[in-house]
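*Asks:* Show me the folded form of this:
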Amino acid sequence: MNRATLIGNLTKDPDMRQTQSGVSVCTFTLAVQRRYADQNGEKQADFFNVVCWRGLADNCGKYLTKGSKAGVHGSIQNRSYEDKQGNRRTVTEIIADEVEFLSRKVETQAPAYEEITDNELPF
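*Replies:* Prediction:
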């Protein structure tokens, strides 16, 4: 069984792109706070690279921003590639099946109204 469930905050805005065949891909890093503090009393976090595909990628790119709280359900995947210098690199990523948007929707500011005194009322 390979399942991961994480709740954390995005460290920066998601990166949206498309494959050569036009499939949407969204990547972001999720900072997940550990349950304990270090010896100095400071909270520690782990950082997970998350990859979303297709419609899920489109929604994440549209609704998530830096600092957004998100819940991610998916699987852990290791991927190897060769960097520009020819070195072999391996990355561990969370391939998301579901992403829950846990931040409150940003409220638009209420329109500002000019205060009117009783003397200014026409009745």
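
*Asks:* mind listing what the residue most central in space within the chain touches?
*Replies:* Centroid-nearest residue in the chain: Leu10, 4.0 Å away (criterion: Cα atoms, centre = their mean). Neighbour list for Leu10: 28-31, 64-68, 70 [criterion: Cβ atoms under 8 Å, 6 or more residues apart in numbering]. Heads up, the C-betas are built off the backbone N, CA and C, glycines and all.

*Asks:* in this protein, which spans are strands?
*Replies:* 4-10, 15-18, 24-37, 43-53, 69-82, 88-101 (DSSP state E).

*Asks:* any chance of these in JSON lines, plus mean pLDDT and distance to Cys60?
*Replies:* Output for these, formatted as JSON lines (pLDDT from 0 to 100; distance: least, Cβ to Cβ, whole Å):
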{"stretch": "strand 4-10", "mean pLDDT": "98", "distance to Cys60": "9"}
{"stretch": "strand 15-18", "mean pLDDT": "98", "distance to Cys60": "8"}
{"stretch": "strand 24-37", "mean pLDDT": "96", "distance to Cys60": "4"}
{"stretch": "strand 43-53", "mean pLDDT": "97", "distance to Cys60": "5"}
{"stretch": "strand 69-82", "mean pLDDT": "98", "distance to Cys60": "8"}
{"stretch": "strand 88-101", "mean pLDDT": "98", "distance to Cys60": "6"}
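
*Asks:* In CSV: the ones you listed, plus distance to Asn59.
*Replies:* Putting the strands of the chain into CSV (distance: least, Cβ to Cβ, whole Å) gives the following:
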stretch, distance to Asn59
strand 4-10, 14
strand 15-18, 11
strand 24-37, 8
strand 43-53, 8
strand 69-82, 11
strand 88-101, 7
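
*Asks:* Show me what Ala96 is bridged to.
*Replies:* Assessed by DSSP bridges, Ala96 has beta-bridge partners Gly74.

*Asks:* That one is in contact with Ala70, isn't it?
*Replies:* No - using Cβ atoms under 8 Å, Ala96 makes no contact with Ala70, being 9.3 Å away.
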